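**Student:** model this:
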Amino acid sequence: MISLTDSQKIGMGLTGFGVFFLLFGMMLFFDKALLAIGNILFVSGLAFVIGLERTFRFFFQRHKAKATSFFLGGVFVVLIGWPIIGVVLEIYGFFLLFRGFFPVAVGFIRRVPVLGSLLCLPGISALVDKIGESNAMV
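**Tutor:** Got it, this is the predicted structure:
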């Protein structure tokens, strides 16, 4: 089992609550307050999990400048009160930031017994293959 420090446990909780508030805010027709709380909790939880220095290094790499500007710009737009536009910017930035992780996630899900067989269905297979490519969202 993976050993987590206390700050990483706090970060996992903050990140989980952040994702919950983001999803709940979208379900409640893009509620500004819930989305703002979710954004703040998600970003602060990420900083707790991987550390402040590694968070800055992750977001502010030269080749991730476009993705970071879209993601953090979306967070800012949500905070100033335009939730739909902000969430669209955040989602685009999120996919650009984490596109290198998607092939790993797809490979893992394909090994899970029930989910792997679902990913082999005709319509889903083509979509998953497209997402599983490392440069599919360039």
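
**Student:** gap between stretch 98-118 and the chain center?
**Tutor:** 16 Å (C-alpha atoms, centre = their mean, to the nearest Å).

**Student:** Apart from its chain neighbours, what residue comes closest to the residue positioned nearest the centre of the chain?
**Tutor:** Residue closest to the average C-alpha location in the chain (C-alpha atoms, centre = their mean): F94, at 5.1 Å. Excluding its sequence neighbours, the residue lying closest to F94 (C-beta to C-beta, 6 or more residues apart in numbering) is F71, at 5.9 Å. Placement of C-beta: from N, CA and C, glycine included.

**Student:** try S125
**Tutor:** Among residues not flanking S125 along the chain, L119 sits closest, at 6.5 Å (C-beta to C-beta, 6+ apart).

**Student:** same thing with S44?
**Tutor:** L14 (5.5 Å).

**Student:** and if you look at V77?
**Tutor:** G86 is the one closest to V77 (C-beta to C-beta, 6+ apart), at 3.5 Å.

**Student:** where along this structure do the helices fall?
**Tutor:** 6-27, 32-50, 52-59, 65-80, 83-97, 102-111, 113-119, 122-132 (DSSP state H).

**Student:** just to revisit the earlier point, quick one: contacts for the residue nearest to V77?
**Tutor:** Going by C-beta atoms under 8 Å, 6 or more residues apart in numbering, G86 touches L35, G74, V75, F76, V77, V78, L79.

**Student:** Hmm, the third one is touching I91, no?
**Tutor:** Meaning V75. No: the criterion here is C-beta atoms under 8 Å, and V75 misses it with I91 at 11.6 Å.

**Student:** Who has more neighbours out of the two?
**Tutor:** Counted by other C-beta atoms under 10 Å, V75 and I91 do not tie: V75 has more neighbours, with 21 against 13.

**Student:** Run a quick neighbour tally on the closest residue to the more buried one other than its chain neighbours.
**Tutor:** For V75, ignoring the flanking residues on the chain, the nearest one in space by C-beta to C-beta, 6+ apart is N39 at 4.6 Å. Neighbour count for N39, taken as other C-beta under 10 Å: 24.
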